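Peer 1: only geometry, no sequence info:
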């Protein structure tokens, strides 16, 4: 589902966004990953969205963001965000900070036009991804003396219920990307993901993890507690997350048990599979939450029959459902 088309009104909305390089080429080395990591935080600050977690791989990246409901943004905050995105104005920019400040202070129709132009790029997941991908492409092409598109098509997005187990599960799935790729055994050892940043004490990443583990009706005491809870979700309560009833299974065996035998396995083991629910599921959340979008999706997609709310297979996911039925294999 296109994130741009599905609007959530009157509440914060969380989205899992993912995009790949052209032809899936492995173009991002450590230097490129570091630049993209920094840009994710920078562009999120400018757009006024909260990064909950992320993971940058060699040919794609994931980011889980919370987009707040529309609020008033003061002129001083607009200027601050502008400086975050353009700390060193160049002749190619539309306006330097001094010019922008003068235009806003002058008031009138020109000031309103400036505000509208800046606000149109804020508080929207599509604008966040557009700005991030464009800025990184410009840097990458300049650094590598290349031209043309870097990213394949538009990004994928899944709307995620902004609290409770759906959000926590999605965050764990994103942080486990380097483990599924065989790069590390523990995501804390992969420097280009939100969990690793939180482990080493980076404040913004810690706040994102705290937000994931703080339900609106409850409270999480500290980042340390959130880290511990997140780690338990990632690794389970046993020693080896891939050990099932005394037998260590590989990812292919886990996938086979689920797809061919309709089996149920520990969450920590299943999360080490590639799960299309989390990238192609359209909407992920409790049955009540997902059911609330059935009518709007039916109208948007011009479907004769309303889409069904489907429980996730493969593990004891709790009350986590998905809107997209996904006819092909879900686990791999």
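Peer 2: Thanks, I have it. Just so we're clear, the structure is a prediction, and the values are computed from it rather than from any experiment.
Peer 1: Need the residues that contact the lengthiest helix in the chain.
Peer 2: Counting by DSSP state H, the longest helix found in the chain is helix 125-144. When contacts are defined by C-beta atoms under 8 Å, 6 or more residues apart in numbering, helix 125-144 is touched by residues 2-4, 13, 15, 17, 19, 27, 32, 35-36, 39-40, 43-44, 46-47, 49, 65, 67, 85, 120-121, 146-151, 155, 157. Every C-beta, even on glycine, is put in place using the N, C-alpha and C of the backbone.
Peer 1: Out of the residues you listed, which end up buried?
Peer 2: Among those, the ones that count as buried by 16 or more other C-beta atoms under 10 Å are 3, 13, 15, 17, 19, 32, 35-36, 39-40, 43-44, 46-47, 49, 65, 67, 85, 121, 150-151, 155, 157.
Peer 1: Give me the residue ranges of the stretch 201-332 of the chain where confidence is low.
Peer 2: 216-221, 325, 327 (pLDDT under 70).
Peer 1: just the helices in it please.
Peer 2: Taking DSSP state H, counting those that start in this stretch as the test, the helices found in the stretch 201-332 of the chain are 203-212, 223-235, 251-261, 267-270, 277-280, 287-291, 294-301.
Peer 1: for these, which one ends up most surrounded?
Peer 2: Of all these, helix 267-270 carries the top mean neighbour count, a mean of 23, counting by mean count of other C-beta atoms under 10 Å.
Peer 1: Would you mind measuring from the residue nearest in space to the middle of the chain to residue 116?
Peer 2: Centroid-nearest residue in the chain: residue 64, 1.9 Å away (criterion: C-alpha atoms, centre = their mean). Between residue 64 and residue 116 the distance is 29 Å, computed by C-beta to C-beta, to the nearest Å.
Peer 1: Against residue 158, how distant is residue 136?
Peer 2: Residue 136 is 22 Å from residue 158, by C-beta to C-beta.
Peer 1: quick one, which of these two is more surrounded?
Peer 2: residue 158 (26 against 21; other C-beta atoms under 10 Å).
Peer 1: Many thanks, have a good one.
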